[in-house]
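> below: sequence and its predicted model.
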Amino acid sequence: MYRISALETFIVRLPFSHGGPPTGFGGVNWGTIDMLLVKVTSTDGIAGWGEAFGFNICQATRYVVDGMIAPLLVGTDVTDVPAVTDVLQRKLHLFGRNGPVNYGISGVDIALWDLAAKTRKAPLSELIRQVHGAPPASELKAYASLLRYGEVGPLASNVERSVAAGYTAVKVHETALPCIAAARRAMPAQSPLMVDVNCPWTLPEAQTAAAAMQDYGIHWLEEPIWPPEDQHAQRELRSTSNVPIALGENAGSVVDFKRIAEAGASDYLQPSVIKCGGISAMREIASICQATGVKFAPHSPYFGPGLLATLHVCAALAPDALIERLYVDLPENLYGNVLTPRNGTLQIPAGSGLGLDPALAVIEKYRAD
Ligand SMILES: [Mg+2]
């Protein structure tokens, strides 16, 4: 049995470049990658690191961790991580089953899993394997996830650059057919091309767009419909289109993922470990995928413990999953170059816990809180 003596948060803003005009999500251009780190320290002095959904919503998520979760957690026994996370879910459910409350719980859950594996001196993937029995992979195939460029020229040159860097699968965040066609031309014909449109269309609009994309060999079409929780429309699109559908980064709880899978609304489920309830939720969602035949395709455009957690979950439970790696250049990041794919693959860090701790000097240099 071990207890938590401290729970801390850090907002870190890392500069990046992406080889195109200013871009971002949520109505603002991103000058930096903003991440929210969570650190738990046990009474034995061992530190566990997590990441909660940050970007534009860092401050709101941070309040959840510091103001709502820390008072519930500090001093308590956290040996059984899924049980601890379940207690947090139950106590905080009336403040939102999706959004910052679940983001905060996700970050804490990841930190507690890191701590649990470190306490047992085991890699996290081994700890998950001991529960589920599947052999962990030592490396996973990654795909380059490009930010939105909105212009054929810079988009095509960055697709080419990612292919030259060794990626064999690419995702673009584009809605215009000329951009999608340009991306297809810029990469080998047999390489998977995914198209993420971030929820813009009505059902008829999505049907028209999906039909137009059929000639480009799209591996999956991600979040085609507004609103994202309209499973009826998603299912209807899937049944009337030949393009595979991917959904899930905006789902809330495990129950939401189960509904999507059981409704036949998607070919791929895309849980985001720093949004959906952490590693505890990812394990349950992987089980839902195994039970329903829906493919596991995590959402992971992250550079902190969220990416590491995704790697360990997939190494243990979904070794065929493609790992999303945001295709931007960071002059400095928390783990040096360790999480830069080589020949399109990412190695699973072999140390205990998540395998790597963030560099404290980088946190201090880019701290923004
Ligand atoms: Mg997406």
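Good, I have the coordinates. Residues are numbered from 1 along each chain as shown.

> residues in contact with Gln347?
Ser138, Glu139, Val338 (CB atoms under 8 Å, 6 or more residues apart in numbering). All C-beta spots, glycine's among them, are computed from the backbone N, C-alpha and C.

> then Ile4?
With CB under 8 Å, 6+ apart, Ile4 has these contacts: Val40, Thr41, Ser42, Thr43, Leu73, Val74, Gly75, Thr76, Val78.

> now render the residues you listed as CSV, adding secondary structure.
CSV is the format used below for the contacts of Ile4 (DSSP: H, G, I helix; E, B strand; the rest coil):
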residue, secondary structure
Val40, strand
Thr41, strand
Ser42, strand
Thr43, coil
Leu73, helix
Val74, coil
Gly75, coil
Thr76, coil
Val78, coil
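
> now the end-to-end length of stretch 9-28.
End-to-end span of stretch 9-28 (CA to CA, to the nearest Å): 24 Å.

> swap that for stretch 21-35, please
Stretch 21-35 end-to-end distance (CA to CA) = 22 Å.

> quick one: average confidence on it?
Per-region confidence: stretch 21-35 scores 91 on mean pLDDT.

> low pLDDT regions in this structure?
130-134 (pLDDT under 70).

> what ranges do the helices span in it?
Secondary structure of the chain (DSSP state H): helices at 58-63, 70-73, 81-92, 100-119, 124-132, 152-164, 177-185, 203-213, 231-240, 254-263, 278-292, 305-317, 360-366.

> any chance of the ones you listed in CSV, plus distance to Ser352?
As requested, the helices of the chain are exported to CSV (distance: least, CB to CB, whole Å):
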stretch, distance to Ser352
helix 58-63, 27
helix 70-73, 22
helix 81-92, 15
helix 100-119, 5
helix 124-132, 8
helix 152-164, 32
helix 177-185, 40
helix 203-213, 44
helix 231-240, 40
helix 254-263, 27
helix 278-292, 15
helix 305-317, 11
helix 360-366, 18
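
> any chance of JSON lines for those helices, columns distance to the ion?
JSON lines is the format used below for the helices of the chain (distance: least, CB to the ion, whole Å):
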{"stretch": "helix 58-63", "distance to the ion": "18"}
{"stretch": "helix 70-73", "distance to the ion": "30"}
{"stretch": "helix 81-92", "distance to the ion": "24"}
{"stretch": "helix 100-119", "distance to the ion": "16"}
{"stretch": "helix 124-132", "distance to the ion": "24"}
{"stretch": "helix 152-164", "distance to the ion": "16"}
{"stretch": "helix 177-185", "distance to the ion": "15"}
{"stretch": "helix 203-213", "distance to the ion": "15"}
{"stretch": "helix 231-240", "distance to the ion": "14"}
{"stretch": "helix 254-263", "distance to the ion": "14"}
{"stretch": "helix 278-292", "distance to the ion": "16"}
{"stretch": "helix 305-317", "distance to the ion": "14"}
{"stretch": "helix 360-366", "distance to the ion": "25"}
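
> adding mean neighbour count, write the ones you listed out as a markdown table.
Formatted as a markdown table, the helices of the chain follow (neighbours: other CB atoms under 10 Å):
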| stretch | mean neighbour count |
| --- | --- |
| helix 58-63 | 19 |
| helix 70-73 | 16 |
| helix 81-92 | 17 |
| helix 100-119 | 28 |
| helix 124-132 | 20 |
| helix 152-164 | 18 |
| helix 177-185 | 19 |
| helix 203-213 | 17 |
| helix 231-240 | 17 |
| helix 254-263 | 18 |
| helix 278-292 | 22 |
| helix 305-317 | 29 |
| helix 360-366 | 13 |
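
> among those helices, which is nearest Val195?
For Val195, the closest of the helices of the chain is helix 177-185, at 5.7 Å, according to CB to CB.

> before we move on, back to that, now the contacts of Gln347 in JSON lines, with neighbour count and distance to the ion?
What follows is the contacts of Gln347, written out as JSON lines (neighbours: other CB atoms under 10 Å; distance: CB to the ion, whole Å):
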{"residue": "Ser138", "neighbour count": "12", "distance to the ion": "27"}
{"residue": "Glu139", "neighbour count": "16", "distance to the ion": "24"}
{"residue": "Val338", "neighbour count": "13", "distance to the ion": "24"}
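
> among those, which are in strands?
Glu139 (DSSP state E).

> list the contacts for the closest residue to the ion within the stretch 1-150 of the chain?
Among all residues of the stretch 1-150 of the chain, Ser145 sits closest to the ion, at 8.0 Å; criterion: CB to the ion. Neighbouring residues of Ser145 by CB under 8 Å, 6+ apart: Lys171, His173, Asp196, Pro301, Glu324, Arg325, Leu326, Tyr327.

> neighbours of the nearest residue to the third one once chain neighbours are set aside, how many?
Nearest in space to Asp196, with sequence neighbours left out and distances taken as CB to CB, 6 or more residues apart in numbering, is Glu222 at 3.8 Å. Under the neighbour criterion other CB atoms under 10 Å, Glu222 is assigned a count of 25.

> how far away is Glu222 from the ion?
5 Å (CB to the ion, to the nearest Å).

> going by distance to Ile218, which of the contacts of Gln347 wins?
Glu139 (26.0 Å).
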